[in-house]
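Colleague: all I have is the shape, not the residue letters:
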């Protein structure tokens, strides 16, 4: 197989329940007097929000409606990591010296007709409103039902002496109804950029503070971040993974390795005893080893040593017998999807089945390549139908054949038959190429497969060492350097 809370705050410093509007109490779990150090270093992109925190301080000191209009008393904060946005709002309130209140989405409709008066007894205060039906494009009826006449004028009004500032956090600005993004509503919008791989990796390592770490973990922030972005994209999933790895470190009393993270990303955090894994025969393990070796070796050979897999394993799981994870650092270095990369992806996908044919004969080919073949078929169909690619482009031919690209969802029966023929032609040609390449580098394939038989997990450094023995790559002091031999 080839693999490419809501938080409610309450503590001893929380304000007492306050009734500022008839029929509406402010629960203590919504309110928090923020104390402690202002520390923005844990956040990737905080420049604009820190500036806004300074802005509301200035506006509070000026006691002028005009200043509040300029600085933004209703802020829409957009970013992929909504939980992180919430933490940043609290930090901004702390920096400004304001209180912080978080209102669940179900309670926001109760505030629509007198939003600021509800919280003026707590001023100066930043009120964070949870995203929900009250502001979503997905529920127009709810939006209209809860909106009073002249609502924008109500939301725009602010008492400079007792400022109440509203913040709405959303993953996608397009999900917020346009009426809430007009003048008088959330008329200042800040986009918080998604953390890059290096930052995510460093943050993950900080969550593992106190654990002993192998060099493959301690010095691989970029690599760790890329793996998390690919397999565990949410902050919650990453925190869970960090907790699981700390459990591994504690129970096994050893240093954490990058393989531990790769294994967790592949197999999940559920724990299974040895009884859950169906034992494999020596013959099946050997076939799996050659299958995965085929993937790994073609990744190295066809990329001229640049795509050394991060992880290669024949440790079985519920859904697969083995797996190879390509180098995400290599993928991240690609600035565009070219026909050359289509060739690489396709050849890697076909290599497992090709290795089985070479070493076990045509009659010994298993169904283990089903998902690989399916992925290769879908990818090539997409590129031929929607991106103007053609099977003969490798030879410099056919570049003008598929320029009339087909919009997604508009592939009729005749077009589908034509593209399917191109896909079959393309895959057959690439399969023959892979067969010949693996035969040429049979010693390399044997070395990787035999290594997997006694060491069922090979990491990138180990794969690099094996490949270097056959002159496929050279190892420099600064890392892996490609060298075609």
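Modeller: Great, that's in hand. Owing to the predicted nature of the structure, the values given are computational and were not obtained by experimental measurement.

Colleague: do I have it right that residue 264 meets residue 245?
Modeller: Yes. Counting by CB atoms under 8 Å, residue 264 touches residue 245, with 6.6 Å between them. Yep, even glycine has a C-beta here, placed from its N, CA and C like the rest.

Colleague: in the biggest helix by length in the chain, what counts as buried?
Modeller: Among the elements of the chain assigned as helix by DSSP state H, the one spanning the most residues is helix 413-440. Neighbour-count burial for helix 413-440 flags 419, 422-423, 426-427, 430-431, 433-435, 437-438 (criterion: 16 or more other CB atoms under 10 Å).

Colleague: tell me the one of these nearest residue 214?
Modeller: The nearest member of these to residue 214, counting by CB to CB, is residue 438 at 32.0 Å.

Colleague: measure the closest one to residue 390 for me?
Modeller: Distance of residue 438 to residue 390, given as CB to CB, to the nearest Å: 26 Å.

Colleague: now the strands: where do they sit in the chain?
Modeller: For the chain, strands defined by DSSP state E occupy the ranges 2-3, 18-21, 24-26, 31-32, 74-78, 99-103, 125-129, 164-170, 188-191, 311-313, 323-325, 457-459, 473-476, 479-482.

Colleague: so for the third one, mean pLDDT?
Modeller: The one in question is strand 24-26. Computed over strand 24-26, the mean pLDDT rounds to 65.

Colleague: I'd like the mean pLDDT over stretch 358-368, please.
Modeller: Computed over stretch 358-368, the average pLDDT equals 91.

Colleague: mind listing what's buried in it?
Modeller: So, applying 16+ other CB under 10 Å, buried residues of stretch 358-368: 358-360, 365, 368.

Colleague: just how off-centre is that stretch within its chain?
Modeller: For stretch 358-368, the separation from the chain centroid amounts to 36 Å (computed by CA atoms, centre = their mean, to the nearest Å).

Colleague: kindly report the same for stretch 432-451.
Modeller: Centre to centre, stretch against its chain (CA atoms, centre = their mean), the figure for stretch 432-451 is 33 Å.

Colleague: look at that stretch and report the distance between its end residues.
Modeller: 26 Å (CA to CA, to the nearest Å).

Colleague: average model confidence for that stretch?
Modeller: On average, stretch 432-451 scores 96.

Colleague: show me the contact partners of that stretch.
Modeller: 286, 289-290, 292-294, 296-298, 300-302, 312, 347, 350-351, 354-355, 357-358, 458, 462-463, 466-467, 469-470, 472 (CB atoms under 8 Å, 6 or more residues apart in numbering).

Colleague: rewinding a little: in a markdown table: the strands of the chain, plus distance to residue 281 and mean neighbour count.
Modeller: Listed next are the strands of the chain as a markdown table, based on distance: least, CB to CB, whole Å; neighbours: other CB atoms under 10 Å:
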| stretch | distance to residue 281 | mean neighbour count |
| --- | --- | --- |
| strand 2-3 | 23 | 23 |
| strand 18-21 | 70 | 16 |
| strand 24-26 | 66 | 15 |
| strand 31-32 | 60 | 22 |
| strand 74-78 | 54 | 23 |
| strand 99-103 | 57 | 22 |
| strand 125-129 | 58 | 24 |
| strand 164-170 | 53 | 25 |
| strand 188-191 | 55 | 16 |
| strand 311-313 | 18 | 26 |
| strand 323-325 | 19 | 25 |
| strand 457-459 | 20 | 20 |
| strand 473-476 | 34 | 16 |
| strand 479-482 | 36 | 14 |
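
Colleague: distance of the closest residue in space to residue 399 that isn't next to it in sequence from residue 417?
Modeller: Nearest residue to residue 399, sequence neighbours excluded (CB to CB, 6 or more residues apart in numbering): residue 393, at 5.7 Å. Using CB to CB, residue 393 is found at 21 Å from residue 417.

Colleague: repeat for residue 236
Modeller: Distance of residue 236 to residue 417, given as CB to CB: 45 Å.

Colleague: same question for residue 228.
Modeller: Counting by CB to CB, the gap from residue 228 to residue 417 is 42 Å.

Colleague: and if you look at residue 342?
Modeller: Applying CB to CB, the value for residue 342 to residue 417 is 21 Å.

Colleague: same check, this time on residue 333
Modeller: Here the distance between residue 333 and residue 417 works out to 37 Å (CB to CB).

Colleague: what does residue 316 give?
Modeller: 39 Å.
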